[in-house]
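>>> the amino acid sequence is not available; the structure is as follows:
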């Protein structure tokens, strides 16, 4: 890449596959990359820790975030606003990625080309799994994966696996003391425990998990009928 591309241009997501295979070295290099260097490296190391050594998850996270310009348009601002609605930048990253995945799924029906449809669903998968990488309690992303593979890609085993992952994450969230949760995670937990009251209180909030459990169950029932 030429000097002026490095200085003024966009990072090339393809370069991510040439970065180190060691998580610590990968993050060290990522933290020097354009736009990422404006984010506290400790946040990036926290994301790497959530990956549990699975480099494909880290690479997918960087690729989809750069491809859709989430780093400069969303992540940098969220990283410098720890007291915003989410209560933690990583919960904000996760919500941004979840919304991207949802948008890609929604727009897929209007794409006529089969190859482009496949690419959109692939990136939706990457967005949802990256959301979970940033925040393991981003329940909507688990439901998104169950919907993606149960309704759009029709891979029964994969969809049922994500349905179980959703339930496991929900159980873990409900078992976690509130003082260990971010503000957004506490809101999600409260919606599960008290859906009607919480929805009335948070009608203007971006938390959308009120019907996630119903969505996952609907996907399961559809798959069991196949």
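Looks like it came in fine. Just so it is clear, the structure is predicted and the values come from calculations on it, not from any experiment. Numbers count the residues shown, from 1 in each chain.
>>> C-alpha only now, for contacts and for neighbours.
OK.
>>> residue 89 is in contact with residue 74, isn't it?
No: taking contacts as Cα atoms under 8 Å, residue 89 lies outside contact range of residue 74: 10.1 Å.
>>> the more surrounded of these two?
A count of neighbours by other Cα atoms under 10 Å puts residue 89 above the other of residue 89 and residue 74, at 25 against 15.
>>> low-confidence regions, this structure specifically.
1-9, 82-85, 112, 196-226 (pLDDT under 70).
>>> residues near the residue lying closest to residue 31 once chain neighbours are set aside, how many?
Excluding the flanking residues, the one nearest residue 31 by Cα to Cα, 6 or more residues apart in numbering is residue 37, at 4.7 Å. Residues near residue 37, counting by other Cα under 10 Å, number 14.
>>> was I right to think residue 37 contacts residue 30?
Yes: counting by Cα under 8 Å, residue 37 touches residue 30, with 7.4 Å between them.
>>> what's the closest non-adjacent residue to the residue nearest the centre of the chain?
Closest to where the C-alpha atoms of the chain average out (Cα atoms, centre = their mean) is residue 131, at 1.3 Å. Residue nearest to residue 131 in three dimensions, not counting chain neighbours: residue 94, with 3.9 Å by Cα to Cα, 6+ apart.
>>> number of residues surrounding the one you found?
27.
>>> contacts for stretch 76-89, please.
If you take Cα atoms under 8 Å, 6 or more residues apart in numbering as the criterion, stretch 76-89 is touched by 35-36, 38-40, 43, 75, 90, 92-93, 182-184.
>>> in that stretch, what counts as buried?
The neighbour-count criterion (16 or more other Cα atoms under 10 Å) identifies 76, 78-79, 86-89 as the buried residues of stretch 76-89.
>>> can you put these in TSV and add secondary structure?
Shown next, in TSV, are the buried residues of stretch 76-89 (DSSP: H, G, I helix; E, B strand; the rest coil):
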residue	secondary structure
76	helix
78	helix
79	helix
86	coil
87	coil
88	coil
89	helix
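>>> okay, the residues you listed in TSV with distance to residue 165 next?
As requested, those are exported to TSV (distance: Cα to Cα, whole Å):
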residue	distance to residue 165
76	29
78	27
79	28
86	23
87	24
88	23
89	23
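>>> now, which of these sits nearest residue 150?
residue 86 (29.3 Å; Cα to Cα).
>>> what's in contact with the stretch of helix or strand residue 65 belongs to?
Using DSSP states H and E, residue 65 falls within helix 55-67. Residues outside helix 55-67 that contact it (Cα under 8 Å, 6+ apart) are 11-14, 16-17, 21-23, 47-48, 51, 71, 97, 123, 126-127, 129-130, 133.
>>> which of these are buried? Put it as a PyMOL command.
What follows is the PyMOL syntax for the buried subset of the contacts of helix 55-67, where burial is set by 16+ other Cα under 10 Å:
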select buried, resi 11+13+16+23+47+48+51+71+97+123+126+127+129+130+133
